[in-house]
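Peer 1: Okay, predicted coordinates and the sequence, questions at the end:
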Amino acid sequence: MGNYVPEFALEESQRLFFRIGCLAGLQRLAPLIVWGSNTGEHLHPAALTDVLIPVNITALESFKNRVWISLALAAAQFFLRFVATIFRAFMKSLLPSVVTPGSIFPATTRQYTKKHIQTMGLNPNSTMTAVQKLRAMLADPDKFIACPGVYDGFTARIALQEGVDCLYMTGAGTTMSRLGMADMGVATLNDMKANAEMIANLDPSVPLIADADTGYGGPIIVGRTVAQYIRAGVAGLHLEDQIVNKRCGHLKGKQLVDIVEYASRIKAAAMSREKHGDIVIIARTDALQGFGYDEAIKRLRAAIAEGADACFLEGVTTREDAERACKELAPTPCLFNNVPGGVSPDFGVEECKEIGYKLAIFPCLAFEMVYPAVRKAVQQLKTIGNVKAAEEGGRRYGPKELFQVCGLDDFLDFDQAAGGTTYAKMHEK
Ligand SMILES: C[C@](O)(C(=O)O)[C@H](CC(=O)O)C(=O)O
């Protein structure tokens with residue numbers, strides 16, 4: 001006689017139901033009965049067939065009722081678990097999986113809520129890539145895309161944490177921060193691509209438009225630039241018609257390649273896009289300064305004909321020219337470049353919308369703010385021997401708070417979930 005049932009796991013009353021159940025030929029149901037009382041997970045149906053236990057016949061009277069009650073309880077539990085699973089799946093579906101696979105810590109600073117996605121004018125159930133999102137925003141008649149200029153991981157993280165729709169990687173800021181040099185065509189493809197790749201992959205669900213200057217050479221190099229930007233996860237790039245010894249578009253004396261060479265740059269970019277995957281090509285012309293409005297528009301039209309998706313009339317000096325260009329180039333979307341202290345008026349988002357622009361970049365946003373703050377801090381150190389708060393009210397920022405901008409909490413969670421113990425103490429409040 002083999003009794004393989006772990007009776008020690010059962011209470012007296014459960015043991016009774018279980019024995020009766022077996023004798024009544026309900027072996028298959030017995031686990032359910034006991035499971036209904038939350039202890040049956042220890043049992044296996046196979047074990048039940050071997051049970052031979054004396055029966056207390058008087059208990060048989062209430063047996064049927066108890067069985068049905070237990071079954072009803074079990075069914076209710078099943079049902080509740082089922083509902084909970086559906087609910088969990090539904091809640092999860094509100095957070096679209098727009099993150100590119102392969103990133104270890106994607107979307108570390110925030111997760112999209114359905115509302116956020118809707119304010120971006122996108123389908124909340126979508127699994128769009130960054131470039132698809134940028135295209136969707138460009139195609140949405142109600143959408144204006146305002147892109148804060150960032151130049152490194154920290155400034156990008158700050159903007160991401162604020163929940164922006166799109167980032168802009170400034171070439172001027174990249175050249176100054178990575179090389180410590182002025183925006184004079186010093187940064188190479190490798191410098192620009194490395195910075196863009198790092199920024200684009202901090203949160204691959206947020207599109208990044210990156211400066212690609214002149215494309216860094218002839219058609220072959222331009223094609224390579226576009227391929228590398230695509231592989232880096234960049235959603236959009238702008239290419240201009242300055243000669244390779246270029247300068248910031250708001251400085252004097254710019255020299256340009258001719259329209260045929262410019263058109264071939266854009267063509268090379270479009271051919272590379274065809275081959276390597278999608279990217280939004282923004283055609284920039286610097287012709288306004290030296291050649292006038294008509295030549296600039298002619299160049300932008302040539303670029304559209306070669307496959308450009310959007311136009312960027314650099315160094316626009318009047319609202320009239322801006323309005324005219326947006327109208328004449330429609331339906332191709334136009335970009336405004338907000339450079340305070342440069343040659344263009346300081347159009348904000350509302351004015352850009354009135355003019356007819358579809359998107360605006362604010363390349364100087366971060367470096368213009370960092371500059372006086374850091375200079376002041378260094379001066380304080382030199383004069384008073386210490387650094388005072390940058391903010392009114394004396395607010396200081398400790399390392400932990402700053403690291404949290406850069407994914408500290410996600411790192412700790414990840415480490416803990418993977419069984420790491422090195423950082424356990426950092427979880428303590
Ligand atoms: C947009 C730009 O290409 C940049 O590098 O961000 C610059 C901006 C700047 O130098 O401030 C440009 O307009 O040429």
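Peer 2: Ah, there it is. Keep in mind that what you see is a predicted model, and the values were worked out from it rather than measured.

Peer 1: For residue 217, which three-state class applies?
Peer 2: Judged by DSSP: H, G, I helix; E, B strand; the rest coil, the three-state class of residue 217 is coil.

Peer 1: what do you get for residue 155?
Peer 2: helix.

Peer 1: tell me the contacts of it?
Peer 2: 173, 366, 370 (C-beta atoms under 8 Å, 6 or more residues apart in numbering). Where you see a C-beta, it was placed from the backbone N, CA and C, and this is true even at glycine.

Peer 1: of all those residues, which comes closest to the ligand?
Peer 2: Taking C-beta to the nearest ligand atom as the measure, the ligand lies nearest residue 173 of the contacts of residue 155, at 6.3 Å.

Peer 1: In this model residue 149 seems to touch that closest one, though I could be wrong.
Peer 2: Yes: taking contacts as C-beta atoms under 8 Å, residue 173 lies within contact range of residue 149: 6.2 Å.

Peer 1: okay, and the common contacts of these two?
Peer 2: Jointly contacting residue 173 and residue 149 under the rule C-beta under 8 Å, 6+ apart are 363, 364, 366, 367.

Peer 1: Now, the contacts of residue 155 that are in strands?
Peer 2: Assigned to strands by DSSP state E, none of the contacts of residue 155 qualify.

Peer 1: Would you mind listing the buried residues in the helix or strand where residue 414 lies?
Peer 2: Take DSSP states H and E as the rule and residue 414 turns out to sit in helix 408-417. For helix 408-417, a neighbour-count test (16 or more other C-beta atoms under 10 Å) marks 408, 410, 411, 415 as buried.

Peer 1: if we can go back for a sec, neighbour-wise, which of the shared contacts of residue 173 and residue 149 leads?
Peer 2: Per-residue neighbour counts (other C-beta atoms under 10 Å) across the shared contacts of residue 173 and residue 149 peak at residue 363, which has 28 neighbours.

Peer 1: Check whether that residue really touches residue 172, as I assumed.
Peer 2: Yes: using C-beta under 8 Å, residue 363 is in contact with residue 172, at 6.1 Å.

Peer 1: any shared contact partners between these two?
Peer 2: residue 211.

Peer 1: re the thing from before, give me the subset of the shared contacts of residue 173 and residue 149 that also touch the ligand.
Peer 2: With C-beta under 6 Å from any ligand atom as the criterion, the shared contacts of residue 173 and residue 149 include 363, 364 near the ligand.

Peer 1: Save the shared contacts of residue 173 and residue 149 as CSV, and put in pLDDT too.
Peer 2: Formatted as CSV, the shared contacts of residue 173 and residue 149 follow (pLDDT from 0 to 100):
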residue, pLDDT
363, 98
364, 98
366, 98
367, 98
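
Peer 1: was I right about residue 334 contacting residue 310?
Peer 2: Yes: using C-beta under 8 Å, residue 334 is in contact with residue 310, at 6.9 Å.

Peer 1: shared neighbours, these two?
Peer 2: 358, 359.

Peer 1: so where's the stretch 51-200 of the chain shaky on pLDDT?
Peer 2: 51-64, 91-126 (pLDDT under 70).

Peer 1: try 50 this time
Peer 2: 51-58, 95-113 (pLDDT under 50).

Peer 1: Get me the contact residues on it for the ligand.
Peer 2: So far as C-beta under 6 Å from any ligand atom goes, the stretch 51-200 of the chain lies against the ligand at 170, 171, 172, 183.

Peer 1: How about residue 333, nearest residue that isn't a chain neighbour?
Peer 2: Nearest residue to residue 333, sequence neighbours excluded (C-beta to C-beta, 6 or more residues apart in numbering): residue 358, at 3.4 Å.

Peer 1: residues touching the residue of the stretch 1-150 of the chain found nearest the ligand, list them.
Peer 2: Across the stretch 1-150 of the chain, no residue is closer to the ligand than residue 149, which sits at 6.0 Å (C-beta to the nearest ligand atom). Residues in contact with residue 149 (C-beta under 8 Å, 6+ apart) are 168, 169, 170, 173, 361, 362, 363, 364, 365, 366, 367.

Peer 1: Identify the residues contacting the third one.
Peer 2: When contacts are counted by C-beta under 8 Å, 6+ apart, residue 170 is found next to 149, 150, 151, 211, 361, 363, 364, 367.

Peer 1: now do 10 Å
Peer 2: 147-151, 155, 176-177, 183, 195, 210-211, 337, 339, 361-367 (C-beta atoms under 10 Å, 6 or more residues apart in numbering).

Peer 1: List the single closest residue to it in space, sequence neighbours excluded.
Peer 2: residue 363 (3.8 Å).
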